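Provided below are the primary sequence and the corresponding predicted coordinates.
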Amino acid sequence: MKKLSTNTIKGIQNSYRQKEFSPTQFIEKCLETAKKTKDLNAFITVTSDLCFNQSTESERRIRSNTCNFLDGITVAVKDNFCTKDIRTTCASNMLKNFTPTYNATVYSKLMNAGACIVGKTNLDEFAMGSGTVDSIFGPTHNPWCHGENCRIPGGSSGGSAVAVSSGACVVAIGSDTGGSTRNPAALCGVVGLKPTYGLVSRHGLIPLVNSMDVPGIMAKKVEDVCLTLNVIAGPDELDSTTLKTKFNPIIIKDDIDLSKIRIGIPKEYHCEGMSDEVIETWQYVIDLLANEKCIMKSVSLPHTSVSIAVYSILNQCEVASNMARYDGLEYGLRAGADYSTEELYASTRSEGFNNVVRSRIFAGNYFLLRQNYEKYFIKALKLRRLISNDFNNVFNVDQGVDLLLTPSTLSDAPLYKDFISKNNRDQCAFQDYCTQPANMAGIPAISVPIKLSRNKMPLSLQLMGPMLSEELLLNVVKKIENLVNFPFLEMQ
Ligand code: GLN
């Protein structure tokens, strides 16, 4: 089989039509890769049998010329999306044996488009983290540097990023609340899109922060991210927060003229702790774009520095409320307690959640106490509005910019041993600096790999745009992709 590392959905489907290889052969290859790279721990559940059944169906449709958008294309889904009859764990003790009775809308749409699921991927418990190190199934490792002196894949959708990067699937779905799709995509050298809030249904995505969660998409090439977005986006009557307007599929052009596009460089993203290599990479792409006659402008988003603190408060408040459903009665773990209902709640929740989840519930409930509510929750909401207004001001049609270019992360992938030497909260505050403001404002953002660091690890940049600017974002990323020619990992 020819080299698959950068083969796109279109390329693979073309090979099916030309009979160069069949969906079943391709799926065998992906599952073999998943097996060979088992030590990376990208998957919580591998769904081989289901995947083969789906590929047989795809093969039939391809033969009868009724091929759908994702027929014969392997996908992996983060294990916080409900999948009917497939265990959905959120990498937690609480849901370790939970098998949903329904599908998340995103998963249904992927299946209806012919995708073949390789498996459910690892994450930080309940998607709380930025390293994929806090899972009851153990940490996931970065395929660019594993074994001794291994590095983290980023998180919390680290399993999905590793699955794509190592070649176990073509597309993977993550979730993004503060950066969980873009951060691991950046550290594993793949493209990661966080769409506009409400563009893609959250139905069946086990909630972390309802007002910020969005399903995210990862693939090596932006055109595959685009094709997948076209499949999964659009209103959903099962999620009242989806945007009601019809979604028109996006087309990516091979080349676009950048001379009328204005890209802002927000000075606040030049922050403490950012590595020299990241700054150099940022400047490298600024120069490349300027060379293409793109209009580059320095801009300011003055409330960026408070964003992390505001996010942390809002996150914990929503977590405290969301996690209340795990009471040992409805679903998930029920601890052995036969004394009282209170005791059942308490023992279930202390056995079912790790320290990170428990401490967020604790802090969230504190912020929501009647005497603290105004001081923390309401104040954080007001600041969230100011952060969002910063974006509105720079995206102002007359004097503003069309997009913003920033780093995705402050460094390349940290060493596992260094990463776990700091606690989850401090790591998130550091790792999510560049990504989480976009979630506060609900705007789309995408991470694109640019080059390798001196450690031979991926370095990536982020583009953000106003609400529903996905078409422009994806097209500019395509241009950047062509200019930088990132050296993808070849593991198959
Ligand atoms: N690191 C952030 C957190 O733990 C973001 C997580 C996410 O986007 N799911 O809250």
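Yes, it's here.

going forward, measure contacts and count neighbours with C-alpha atoms only.
OK.

tell me the secondary structure at the residue nearest to residue 215 when sequence neighbours are not counted.
Spatially, and ignoring its direct neighbours in sequence, residue 215 is nearest to residue 175 (4.3 Å; C-alpha to C-alpha, 6 or more residues apart in numbering). Under DSSP: H, G, I helix; E, B strand; the rest coil, residue 175 falls in the strand class.

then residue 28?
Relying on three-state DSSP, one would call residue 28 helix.

burial count for it?
Residue 28 has 17 neighbours, counted by other C-alpha atoms under 10 Å.

looks to me like residue 120 is in a strand.
Yes: read with three-state DSSP, residue 120 is one of the residues of a strand.

thought it was touching residue 44?
Yes: Residue 120 is within contact range of residue 44, at 5.8 Å (criterion: C-alpha atoms under 8 Å).

overlap in contacts of these two?
residue 79 (C-alpha atoms under 8 Å, 6 or more residues apart in numbering).

which one's more surrounded, the two?
Taking neighbours as other C-alpha under 10 Å, residue 120 and residue 44 compare with residue 120 leading, 31 against 23.

now for the more buried one: which residues touch it?
Here residue 120 is in contact with 43, 44, 45, 46, 47, 76, 77, 78, 79, 88 (criterion: C-alpha under 8 Å, 6+ apart).

so how far is residue 159 from the residue lying closest to the first one once chain neighbours are set aside?
Which is residue 43. Leaving aside its sequence neighbours, residue 43 sits nearest to residue 121 (C-alpha to C-alpha, 6+ apart; 4.2 Å). Distance, residue 121 to residue 159, using C-alpha to C-alpha, to the nearest Å: 5 Å.

avg pLDDT for the longest helix anywhere in the chain?
Longest helix of the chain, by residue count under DSSP state H: helix 304-322. Across helix 304-322, pLDDT averages out at 97.

check which element follows it along the chain.
helix 341-352 (DSSP states H and E).

buried residues, that following helix. List them.
344, 345, 346, 347, 348, 349, 352 (16 or more other C-alpha atoms under 10 Å).

quick one: the helix or strand of the chain with the lowest mean pLDDT near the ligand?
Ranked by mean pLDDT, DSSP states H and E, the helix or strand of the chain with the weakest confidence is helix 424-431, at a mean of 86. Yes: Helix 424-431 comes into contact with the ligand (C-alpha under 6 Å from any ligand atom), by way of residue 428.

what packs against that helix?
The contact analysis (3 or more C-alpha pairs under 8 Å, 6 or more residues apart in numbering; DSSP states H and E) places helix 424-431 against no helix or strand.

sorry, back to before: count of residues packed around the residue nearest to residue 215?
32.

what do you get for residue 293?
Residue 293: 15 neighbours (other C-alpha under 10 Å).

what sits against it?
So residue 293 contacts 258, 259 (C-alpha under 8 Å, 6+ apart).

if I look at it, how far off is residue 261?
For residue 293 relative to residue 261 (C-alpha to C-alpha), the value is 9 Å.

so who does the closest residue to residue 228 other than its chain neighbours touch?
In this structure, residue 228 finds its nearest non-sequential neighbour in residue 217, 7.4 Å apart by C-alpha to C-alpha, 6+ apart. If you count contacts by C-alpha under 8 Å, 6+ apart, residue 217 has them with 171, 172, 173, 174, 181, 192, 193, 194, 225, 228, 229.

I'd say the first one and residue 222 touch.
Read that as residue 171. No: contact criterion C-alpha under 8 Å: residue 171 and residue 222 do not qualify, at 10.6 Å.

can you count the residues close to the residue of the stretch 301-450 of the chain found nearest the ligand?
Relative to the ligand, the nearest point of the stretch 301-450 of the chain is residue 428 (4.6 Å; C-alpha to the nearest ligand atom). For residue 428, the neighbour count with other C-alpha under 10 Å is 21.

the residue of the chain positioned farthest from its centre and residue 373: what is the separation?
Distance from the C-alpha centroid of the chain, by C-alpha atoms, centre = their mean, peaks at residue 339 (42.0 Å). Plainly put, residue 339 is 34 Å away from residue 373 if you go by C-alpha to C-alpha.

for residue 392, give me its contacts.
Counted by C-alpha under 8 Å, 6+ apart, residue 392 has contacts residue 466.

residue 130 against residue 159, yeah?
No: taking contacts as C-alpha under 8 Å, residue 130 lies outside contact range of residue 159: 11.8 Å.

when those two are compared, which one has more neighbours?
Shown here are residue 130 and residue 159; by other C-alpha under 10 Å, residue 159 has more neighbours (35 against 31).

so what touches the helix or strand hosting the more buried one?
For residue 159, the element it lies in under DSSP H and E is helix 158-166. The contact list for helix 158-166, computed with C-alpha under 8 Å, 6+ apart, reads 33-34, 37, 40-43, 76-78, 121-123, 131-132, 140-143, 153, 169-174, 181, 184-185, 188-190, 218-220, 488-492.
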